[in-house]
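> okay, predicted coordinates and the sequence, questions at the end:
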Amino acid sequence: GKVIYNGELVERENVKVDIEDRGYQFGDGIYEVIRVYNGGLFTKNEHIQRLYESAEKIGLKIPFEKEFLCKKLEELVEENQLQTGIIYLQITRGVSPRQHGFPTPAVEPVLVAYTKSMERPEALMKEGAKGLLVEDIRWLRCDIKSLNLLGNIMAKQKAAESGCFEAIQHREGIVTEGSSSNVFMIKNGILITHPAVNLILNGITRQVILKICKSKQIPVKEEAFTVDDLVNADEVFISSTTSEIMPIVQLDGNKIGHGIPGEWTKQLQQYFMEEIQKECKN
Ligand SMILES: Cc1ncc(COP(=O)(O)O)c(CN[C@@H]2CONC2=O)c1O
């Protein structure tokens, strides 16, 4: 299949990353994962907007207009005939002799994007997944979707080693987010999730869920909550581009609620599906 390399569609085997690419040496770059349903890019504008915000936050100037990038991503999906899956997209600060400080003058950022088939996690969304509580050891700019994912992958690895789907991270007793997802709990009919500040990534799926709650008049509180609140919640779920709305029915081996996906979670999954169908028609 084709990939986007610096704005052009090229054969995957013709793309090579330089050994002094700053993304490779420092994780000096940003990324996005965009879902494709029925060949359509779901919430593409929101993802592209966040990409430019991440770039701005690290002082990286993306050498493409948003519209150009959007067109190229649609071309890539078309060319690879992707129906259901994801686009992985990253931009690094570019290639330059290794030094911590940014190259002066600036070098050309390196853009790579490629598609990958990925079915929806329907069975697991129906059954519910397991979570493991893991201390959040990451830095304090988790709002930037950067390639600096060591803290995230170590948390995910801990969860995997305990047979769990996601690591639910917490910082001084406060639940922040998953290793690659946002965390929601429901208690007495109110949906609660961590406010979009520097300690979490403001997930696009999270934003779609909050928009759905607003339109369906589901009470929401964007408030920090504790690990204790979480283990005593009626329902818990995580959200991300790849996991959609994924119920968490067990935490550290203990049931959440009745140990099965809750009614509110199932209702939100239904509404989310309607959003997908609205935006990505067959
Ligand atoms: C740390 C973190 N928090 C929250 C999210 C959820 O954000 P979205 O709703 O915008 O996806 C992600 C998604 N990470 C991407 C999505 O799937 N795989 C990833 O690495 C993430 O990496």
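Yep, that arrived. Residues are numbered from 1 along each chain as shown.

> which residues in the chain form helices?
Ranges of helices in the chain, per DSSP state H, are 22-26, 44-57, 66-79, 122-127, 150-161, 204-215, 227-231, 263-279.

> could you list the domains of the protein?
With domains defined by automatic domain parsing, the chain comprises 2-117, 122-279.

> state the mean pLDDT of the longest one.
Think domain 122-279. Average pLDDT, domain 122-279: 98.

> now that domain, how far from the chain's geometric center?
Remark: domain 122-279 is offset 11 Å from the chain centroid, using Cα atoms, centre = their mean, to the nearest Å.

> what does the stretch 51-200 of the chain put close to the ligand?
Asn152, Glu177, Ser180, Ser181, Asn182 (Cβ under 6 Å from any ligand atom). For every residue, glycine as well, the C-beta is placed using N, CA and C.

> tabulate those (JSON lines), appending neighbour count.
Shown next, in JSON lines, are these (neighbours: other Cβ atoms under 10 Å):
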{"residue": "Asn152", "neighbour count": "19"}
{"residue": "Glu177", "neighbour count": "29"}
{"residue": "Ser180", "neighbour count": "20"}
{"residue": "Ser181", "neighbour count": "28"}
{"residue": "Asn182", "neighbour count": "24"}
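
> can you redo the helices of the chain as CSV with distance to Val33?
Output for these, formatted as CSV (distance: least, Cβ to Cβ, whole Å):
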stretch, distance to Val33
helix 22-26, 16
helix 44-57, 8
helix 66-79, 12
helix 122-127, 18
helix 150-161, 13
helix 204-215, 9
helix 227-231, 25
helix 263-279, 16
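
> where along the stretch 51-200 of the chain do the strands fall?
Secondary structure of the stretch 51-200 of the chain (DSSP state E, counting those that start in this stretch): strands located at 85-92, 110-117, 129-135, 166-171, 174-178, 182-187, 190-193.

> for the third one, buried residues please.
Looking back up the chat, that one is strand 129-135. The neighbour-count check on strand 129-135 (16 or more other Cβ atoms under 10 Å) flags Ala129, Lys130, Gly131, Leu132, Leu133, Val134 as buried.

> now swap in the second one and tell me
Of the residues in strand 110-117, Val110, Leu111, Val112, Ala113, Tyr114, Thr115 count as buried by neighbour count, 16+ other Cβ under 10 Å.

> distance of Gly39 relative to the ligand?
Relative to the ligand, Gly39 is positioned 19 Å away (Cβ to the nearest ligand atom, to the nearest Å).

> and for the residue nearest to that residue when sequence neighbours are not counted, the neighbour number?
Leaving out its chain neighbours, the residue that sits closest to Gly39 by Cβ to Cβ, 6 or more residues apart in numbering is Gln83, at 5.3 Å. The number of residues packed near Gln83 is 14, by other Cβ atoms under 10 Å.

> list the contacts of His258.
His258 makes no contacts at all, as judged by Cβ atoms under 8 Å, 6 or more residues apart in numbering.

> that one and the ligand, how far apart?
26 Å.

> then Gln81?
Gln81 is 22 Å from the ligand, by Cβ to the nearest ligand atom.

> just the buried residues of strand 129-135 now: which is nearest the ligand?
Comparing the buried residues of strand 129-135 against the ligand with Cβ to the nearest ligand atom picks out Val134 as the nearest, at 12.4 Å.

> list the residues that contact Phe42.
Ile34, Arg35, Val36, Ile276, Glu279, Cys280.

> mind giving me the PyMOL command for buried ones among those?
Entered in PyMOL, the line below selects the buried ones among the contacts of Phe42, by 16+ other Cβ under 10 Å:
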select buried, resi 34+35+36+276+280
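
> tally of neighbours for the residue nearest to Ile256 when sequence neighbours are not counted?
Of all residues not flanking Ile256 in the chain, Val236 sits nearest, at 4.9 Å (Cβ to Cβ, 6+ apart). Neighbourhood size, Val236 [other Cβ under 10 Å]: 28.

> just Ile209 next, same as before
That count, for Ile209 with other Cβ under 10 Å as the rule, works out to 25.

> against the ligand, how distant is the residue lying closest to it once chain neighbours are set aside?
Excluding the flanking residues, the one nearest Ile209 by Cβ to Cβ, 6+ apart is Ser239, at 5.8 Å. Separation of Ser239 from the ligand (Cβ to the nearest ligand atom): 6 Å.
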